[in-house]
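below is the structure, and that's it, no one-letter string:
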């Protein structure tokens, strides 16, 4: 089992920045691929970014490329997503997720409870 706890959400103006954090426990973090997903109002949950177990491979949705950066600190069992140049359409509940193959993409098995990000115009 893996427990994931997100933090760092909040209200920000368009053009601003936020950094979300996700603390993991329960399994060797450095073997897990980690990802961020989001679900906006009236929308399906979508992939935002993923990172492999080592941090060497990173993946992004086209909608966030160049604005969001995913990173991880295996010593702290934490994954981050730095979100810059935020847009109103980035408003969503953001979820941290873990996958056991370590690739940072594919089937995510474990999910956090989510943290709300609201971007105002």
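Arrived safely. Fair warning: this is a prediction, and the values are worked out from it, not measured in the lab. Residues are numbered from 1 along each chain as shown.

from here on, just use CA atoms for contacts and neighbour counts.
Fine.

pull the contacting residues for the residue most central in space within the chain.
The residue lying closest to the centre of the chain (Cα atoms, centre = their mean) is residue 36, at 2.5 Å. Contacts for residue 36 (Cα atoms under 8 Å, 6 or more residues apart in numbering) come out as 47, 48, 49, 50, 81, 94, 95, 96, 97.

any idea which helix or strand carries it?
Element membership for residue 36 (DSSP states H and E) is strand 33-39.

list the strands paired with that strand, with their directions.
Paired neighbours of strand 33-39 in the sheet (DSSP bridges): strand 46-51 (antiparallel), strand 92-99 (antiparallel).

now tabulate those in TSV and tack on mean neighbour count and distance to residue 63.
Formatted as TSV, the strands paired with strand 33-39 follow (neighbours: other Cα atoms under 10 Å; distance: least, Cα to Cα, whole Å):
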stretch	mean neighbour count	distance to residue 63
strand 46-51	23	8
strand 92-99	25	13
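
closest to residue 110 out of those?
With Cα to Cα as the measure, strand 92-99 is the member of the strands paired with strand 33-39 nearest residue 110 (5.1 Å).

what helices or strands is the helix or strand following that closest one leaning on?
Sequence-wise, the next helix or strand downstream of strand 92-99 (DSSP H and E) is strand 110-111. Here strand 110-111 is seen to pack against strand 3-7, strand 92-99 when contacts are counted using 3 or more Cα pairs under 8 Å, 6 or more residues apart in numbering; DSSP states H and E.
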